[in-house]
Structures are given as C-alpha cells and as structure tokens.
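Peer 1: Model the following, please.
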Amino acid sequence: MTEDIKHKTYFLWEEFKKWSTRSLFVIMTAIAVALWSPVSNNLKDIWNSPGRLTAIEAGVKEIKESMRNLAGEDRVFRQIEGLSYVEEPVHRGENIFLHLVIQRTELGKDCVLTRAVPLFKDKTGITAPGTMPERDLISVATTDPVAVRLEYIPPPNLELGRVEVYVTIEYNCNGKTGFDKTDVLTYQLLDK
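Peer 2: Just a heads-up that it's a prediction; the model follows:
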C-alpha cells in the first residue's frame, strides 16, 4: 500500500507542477499583453473609467449651463432678438420710447419687477442714468412673447449723435433680489 500512496503522491505532485507551470505561463502572458499591447490602454481606461465618467459628467453639466446661458434661460426675461427698437426721430429734450418684445423665462415666471433704470451712453463713452415718467412699472406675467412700449426721459447732457440705451432691472424672486438688463438699443439724437 505504501507503493500505491507513493504513486498517488508522485502523480499529484507532477499534476501540480504541470498546472502551476501552465498557470504561471498564462499569468506571464497576460502581464506581457497588458503591458506591451494596445489592450493595456483599454485596461487602463476600464480601471480609470469612474474618474473619467465623473469628469465627463462635469463637462456635460458645464456645457448644459453654457447652453442655458446662451439661450437666456438663466435670466428673468428674454428679449426676442431683432424685434426691439427705439422710436425715432428723437430730438434733444424729448422723451424716448423703447419698443421691446420680451418674454418671461421659466426662471423668472414668479419674479416681481421692483425697479427699472434706463442707462444712456453717447459718443463721450460716459454712461448716465435717465428717469422714468411717473407711472406704474409694466409687468409681463406670461412666458409668451409680449410687445411693450416704454417711455423714458434721457439725461439732459447727452451729446448729439449716436446714443446707446439699455434698461437695468431689479426684481424680487421668492424674497431674493436679483438684477438683469435689456439688450442695448441705439438711436440718433438730433438737435431741435
């Protein structure tokens, strides 16, 4: 019986050496492939994918935010491009009338307009505030485009020629004060 046990032990030892050699060969081949072949790049990508995925998600969020900003969704209202103008001719000492086509954004649908100040800039490059005739502020409560006509009194010291005007807006959104402005409009200031 001892001969039989020796034979079995020898057989098991030889099988263990064969399997160990095969396993070692497979492991060494896998390491060589991982280090010196294009597969290694794929393995690195798989290993680093959670970090890369987080970076990609952050990049997508940034792109979405940029697109929202470009579309005007970060503002209280959006001015429809190309449809707003200043009623002309405008002579020194006259009030100006701004025709704006605006709409509330989803962000601004619950906001309340509290103050609007027109700012004028002539060829001197100095920005000066105008005033608004005594009347209630116009409030646009719909998210559909609306045409509004606003009257403002320009500052008396504007130089003749091209004048830029925009309106700074103060609003209250759920107890928080925010600021926005219209797009810049231009007109020609003429002498009387």
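
Peer 1: can you give me the strands for this structure?
Peer 2: 77-79, 85-86, 90-91, 96-104, 112-121, 127-129, 146-152, 161-173, 176-181, 185-190 (DSSP state E).

Peer 1: From the contact counts, what lies against the least confident helix or strand in the chain by mean pLDDT?
Peer 2: Ranked by mean pLDDT, DSSP states H and E, the weakest helix or strand in the chain is helix 38-71, scoring a mean of 78. Helix 38-71 sits against helix 2-36, with contacts defined as 3 or more Cβ pairs under 8 Å, 6 or more residues apart in numbering; DSSP states H and E. (Each C-beta comes from the backbone N, C-alpha and C, glycine too.)

Peer 1: about what we covered before: hey, which of the strands of the chain is tucked in deepest?
Peer 2: Neighbour counts (mean count of other Cβ atoms under 10 Å) averaged over each of those peak at strand 77-79, with a mean of 20.

Peer 1: Tell me which other helices or strands that one touches.
Peer 2: Strand 77-79 is packed against strand 96-104, with contacts defined by 3+ Cβ pairs under 8 Å, 6+ apart.

Peer 1: Which strands border the strand it packs on, and is each parallel or antiparallel?
Peer 2: strand 77-79 (antiparallel), strand 85-86 (antiparallel), strand 146-152 (antiparallel) (DSSP bridges).

Peer 1: Now render those as CSV, adding distance to Leu119.
Peer 2: Shown next, in CSV, are those (distance: least, Cβ to Cβ, whole Å):
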stretch, distance to Leu119
strand 77-79, 15
strand 85-86, 14
strand 146-152, 10
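
Peer 1: Can you give me the domain boundaries for this structure?
Peer 2: 2-71, 77-190 (automatic domain parsing).

Peer 1: same question for the longest one, mean pLDDT?
Peer 2: With pLDDT averaged residue by residue, domain 77-190 scores 87.

Peer 1: For stretch 99-118, C-alpha coordinates in PDB please.
Peer 2: Once non-C-alpha atoms are left out, stretch 99-118 reads as follows in PDB (Å, rounded to 0.1, in the frame of the first residue of the first chain):
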ATOM      1  CA  HIS A  99     -40.400  99.100 -28.200                       C
ATOM      2  CA  LEU A 100     -39.300  95.800 -26.700                       C
ATOM      3  CA  VAL A 101     -40.500  92.300 -27.400                       C
ATOM      4  CA  ILE A 102     -39.800  90.300 -24.300                       C
ATOM      5  CA  GLN A 103     -40.900  87.100 -22.600                       C
ATOM      6  CA  ARG A 104     -40.500  85.700 -19.100                       C
ATOM      7  CA  THR A 105     -38.300  82.600 -18.800                       C
ATOM      8  CA  GLU A 106     -39.200  79.700 -16.500                       C
ATOM      9  CA  LEU A 107     -36.700  81.000 -14.000                       C
ATOM     10  CA  GLY A 108     -38.500  84.400 -13.900                       C
ATOM     11  CA  LYS A 109     -42.100  83.400 -14.100                       C
ATOM     12  CA  ASP A 110     -42.700  84.100 -10.400                       C
ATOM     13  CA  CYS A 111     -40.500  87.200 -10.100                       C
ATOM     14  CA  VAL A 112     -41.800  90.700  -9.500                       C
ATOM     15  CA  LEU A 113     -40.300  93.700 -11.200                       C
ATOM     16  CA  THR A 114     -39.300  96.300  -8.500                       C
ATOM     17  CA  ARG A 115     -37.300  98.900 -10.300                       C
ATOM     18  CA  ALA A 116     -36.200  99.800 -13.800                       C
ATOM     19  CA  VAL A 117     -33.500 102.400 -14.600                       C
ATOM     20  CA  PRO A 118     -32.600 103.400 -18.200                       C
END
